[in-house]
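# Okay, sequence plus prediction incoming.
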Amino acid sequence: MLSPVRITVTGAAGQISYSLLFRIAAGDMLGSNQPVILQLLDIPESRKILDGVVMELQDCAFPLLAGIIATHDPMMAFDQTDIAILVGARPRRKGMERKDLLQTNGEIFRNQGKILNQVAKRDAKILVVGNPANTNTLITMKNAPDLPAENFSGMLRLDHNRALSQVAMKLNQPVSNIKKMIVWGNHSSTQFPDLYHAEIGDTKVINLIKDPIWIENYFIPTVQKRGAVVIEARGLSSAASAANAIIDHLRNWFFGTADGDWTTMGILSDGSYEIPEGVIYGFPVICKNGMREIVQGLEINPFSRTRLDAAYNELTQELDSIRHLLP
Ligand code: NAX
């Protein structure tokens, strides 16, 4: 029997976690032989709900669930953690500007970064989901200087999956046939879902769609604005699809991307594709043996270049407003 992996989930009483925790405990993320200990963090105001979630986890009698810790103390939640999934954040309230959200949530991620630096396993993998996800990833990473920068990533996988699905529906193909999708940039409306490199078999998707108007006027805005449209329909933001994207992201990170394919992760820019160093940016990555590498050498046409730069510019503006949260 393998020894249990410690998985911290913050915002554990929230709606994404309600779709996530049961799937992790069932083995969807790390496989059906891997026991897990869930270390659940939420704020004291959410304690009652968190207790209810714990009761339901117990009531599932999951064979792989080797323990549950439920706490509002981040020291306890991050102690010796192997995987930290940072979902917990304040939602944007009416009248709140994006910069206010950056501020409030930035402070949460600064504190959690500092605590991860103290108590997490030295090779812990950290995925940031709470918005604004890219900049929160940067804040967490910079405040945890003793953990390797390559062990941090921000989530763009939901955007990536949304893009795959739109193409699958357009071409009436199974999603699994579509390879090499990319969503560049920020998890925000400046993101650029790019299907110039996507393939089905040996054929470029772009040559099958043959409809630049659909790409520009339907595909790109549909993926960019999908989150808002889901809120409009459900009265709540994406939760089950976000939880599914977390599982996909971590599965690829641990077990690798399939041969001949890649995925999108928000990772620290290193100058690739002329995106200057120092922001967390959605790049195409190949994962192998728990490591990931940016796919190199893709051609960026002028249409794409403008969009890649727009996302970078937005990220630098976000960075300017939270610089004081970086050590
Ligand atoms: P909920 O409001 O349902 O849950 C958030 C939970 O976080 C609450 O239980 C709250 O008490 C808790 N929380 C607040 N401050 C905390 C702190 N300091 N420490 C620990 N827990 C804390 O939100 P939910 O729908 O679950 O979404 C969570 C976050 O994910 C939001 O920031 C949301 O914007 C973001 N999303 C990011 C996505 C992505 O692709 N990167 C997609 C889905 C989602 O919109």
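Arrived safely, thanks for sending.

# which parts of this protein sit against the ligand?
Residues of the chain that fall close to the ligand, judged by Cβ under 6 Å from any ligand atom: 10-11, 13-16, 41-43, 46, 87-91, 108, 129-131, 133, 155, 158, 187, 227, 237-239, 242. Where C-beta positions appear, they are placed from N, C-alpha and C, glycine not excepted.

# Quick check on these: which are buried?
With burial judged by 16 or more other Cβ atoms under 10 Å, the buried subset of those is 10-11, 13-16, 41-42, 46, 87-90, 108, 129-131, 133, 155, 158, 187, 227, 237-239, 242.

# Point out the ones among the residues of the chain next to the ligand that are inside strands.
Residues of those located in strands (DSSP state E): 10, 41.

# Name the nearest residue to residue 54, ignoring sequence neighbours.
Excluding its sequence neighbours, the residue lying closest to residue 54 (Cβ to Cβ, 6 or more residues apart in numbering) is residue 70, at 5.0 Å.

# Give the full set of residues in contact with that neighbour.
12, 40, 42, 50, 51, 53, 54 (Cβ atoms under 8 Å, 6 or more residues apart in numbering).

# Then it would be within a helix, right?
No: using DSSP: H, G, I helix; E, B strand; the rest coil, the assignment for residue 70 is strand, not a helix.

# Could you give the bridge partners of it?
residue 40 (DSSP bridges).

# Report pLDDT for the closest residue to the ligand within the stretch 201-327 of the chain.
Going by Cβ to the nearest ligand atom, the ligand is nearest to residue 242 of the stretch 201-327 of the chain, at 3.6 Å. Listed pLDDT for residue 242 reads 98.

# Same check on residue 310?
So residue 310 comes in at 98 (pLDDT).

# Which residue, neighbours along the chain excluded, lies closest to the residue of the stretch 201-327 of the chain closest to the ligand?
Spatial nearest neighbour of residue 242, chain neighbours left out: residue 16 (4.8 Å); criterion: Cβ to Cβ, 6+ apart.

# Residue 219 now?
residue 166 (5.6 Å).

# Show me what counts as buried in the helix or strand where the one you found lies.
Taking DSSP states H and E as the criterion, the element that holds residue 166 is helix 157-171. If you call a residue buried by 16+ other Cβ under 10 Å, then helix 157-171 has these buried ones: 157-168, 170.

# Summarise which helices and strands it is packed against.
Where contact means 3 or more Cβ pairs under 8 Å, 6 or more residues apart in numbering; DSSP states H and E, helix 157-171 is packed against strand 178-179, strand 182-184, strand 192-194, helix 205-209, helix 220-224, helix 226-234, helix 240-255, strand 263-268.

# Could I get those in a markdown table, plus columns for distance to residue 23?
A markdown table is the format used below for the helices and strands packed on helix 157-171 (distance: least, Cβ to Cβ, whole Å):
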| stretch | distance to residue 23 |
| --- | --- |
| strand 178-179 | 23 |
| strand 182-184 | 23 |
| strand 192-194 | 25 |
| helix 205-209 | 29 |
| helix 220-224 | 24 |
| helix 226-234 | 19 |
| helix 240-255 | 6 |
| strand 263-268 | 18 |
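
# list the buried ones in stretch 95-105?
For stretch 95-105, burial by neighbour count (16+ other Cβ under 10 Å) applies to 101, 102, 105.

# I should have written stretch 276-290 there, sorry.
Of the residues in stretch 276-290, those buried (16+ other Cβ under 10 Å) are 279, 280, 281, 282, 283, 284, 285, 286, 287.

# Going by length in residues, pull out the top strand of this protein.
Per DSSP E, the chain has its longest strand at strand 280-288.

# I'd like the next helix or strand past it.
Using DSSP H and E, the next helix or strand after strand 280-288 towards the C-terminus is strand 291-294.

# Whichever strand or helix holds residue 318 to strand 263-268, inter-axis angle?
Per DSSP H and E: residue 318 is located in helix 302-322. Here the directions of helix 302-322 and strand 263-268 differ by 40 degrees (axes from the mean of the first three to the mean of the last three Cα atoms, to 10 degrees).

# mind saving the C-alpha coords of helix 302-322 as CSV?
Provided in CSV are the C-alpha atoms of helix 302-322 (Å, rounded to 0.1, in the frame of the first residue of the first chain):
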residue,chain,number,x,y,z
PRO,A,302,0.7,39.0,-36.2
PHE,A,303,-3.0,38.4,-35.2
SER,A,304,-1.8,36.2,-32.2
ARG,A,305,1.1,38.6,-31.3
THR,A,306,-1.3,41.5,-30.6
ARG,A,307,-3.3,39.2,-28.3
LEU,A,308,-0.3,37.7,-26.5
ASP,A,309,1.0,41.3,-25.8
ALA,A,310,-2.4,42.5,-24.6
ALA,A,311,-2.6,39.7,-22.0
TYR,A,312,1.0,40.5,-20.9
ASN,A,313,0.1,44.2,-20.6
GLU,A,314,-2.8,43.4,-18.4
LEU,A,315,-0.6,41.2,-16.1
THR,A,316,1.9,44.0,-15.7
GLN,A,317,-0.8,46.4,-14.6
GLU,A,318,-2.0,43.8,-12.1
LEU,A,319,1.6,43.4,-10.9
ASP,A,320,2.0,47.2,-10.5
SER,A,321,-1.0,47.3,-8.1
ILE,A,322,0.3,44.4,-5.9
